[in-house]
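Colleague: need a structure here:
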Amino acid sequence: MNPSRWSFRTQFLLGFLACVALLAYALYLEHVQGLIPCPLCTFQRGAFALLAIVFLVGGLHAPNTRGGRGFYGFLALAAAGLGISIAGRHVWLQGLPPDQVPACGPDLGYMMEAFPMGDVVRKVLTGSGECAKVDWTFLGLSMPAWALVWFIGLALWALYAGFKRRKSRYY
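Modeller: Residues are numbered from 1 along each chain as shown. Modelled structure (predicted):
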């Protein structure tokens, strides 16, 4: 199994499956393990969902032209870039010294009801104390750090799939 021989469709649909698996694991941790996501975690899920949609649409469309594949590569890069920025901010917050961690704010549900959307986004991206708390680690990395790794990996995967020279329209 040589990934360089896989079609654009296969590569993008595998990207879609990776995003779905990551979202399913996040839902498992929330609903089975009882980990409540902070607002930044919720935004990262949204970025994974957006990236999954781009991968799915690109995989189903599977354009034959280099420009068409590049278009989907750029769209996936933009979605992954959004996720990278959110996860990077989250990792940064978790690395702050305890005396510099912002105070805890209201939960996302309350903010969505009480504030305009622009204020909600601004408040979430500035972060709060609950976003600095590390509840889960694997191999020494927190969940936002793993999300960052996955966003970077999926961005590289999308660029490879979107801009790889293909010998025929089937590769």
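
Colleague: Quick check: closest non-adjacent residue to Val20.
Modeller: Ala52 (5.9 Å; C-beta to C-beta, 6 or more residues apart in numbering). Every residue, glycine included, has its C-beta placed from N, CA and C.

Colleague: meant to ask about Ala79
Modeller: Leu51 is the one closest to Ala79 (C-beta to C-beta, 6+ apart), at 4.1 Å.

Colleague: How about the contacts made by that neighbour?
Modeller: Applying C-beta atoms under 8 Å, 6 or more residues apart in numbering, one finds that Leu51 lies in contact with 15, 19, 76, 79-80, 83, 151, 154.

Colleague: where exactly do the strands run in this structure?
Modeller: Using DSSP state E, the strands of the chain run over 137-138, 141-142.

Colleague: List the contacts of the residue nearest the centre of the chain.
Modeller: Geometric centre of the chain, nearest residue: Phe48, 3.5 Å, by C-alpha atoms, centre = their mean. The neighbourhood of Phe48, defined by C-beta under 8 Å, 6+ apart, consists of 19, 22-23, 26, 83, 147, 150-151.

Colleague: Save the contacts of Leu51 as TSV, and put in distance to Phe163 and pLDDT too.
Modeller: Below are those laid out as TSV (distance: C-beta to C-beta, whole Å; pLDDT from 0 to 100):
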residue	distance to Phe163	pLDDT
Gly15	14	94
Cys19	20	97
Ala76	11	95
Ala79	16	95
Ala80	14	96
Gly83	20	95
Phe151	18	97
Leu154	15	96
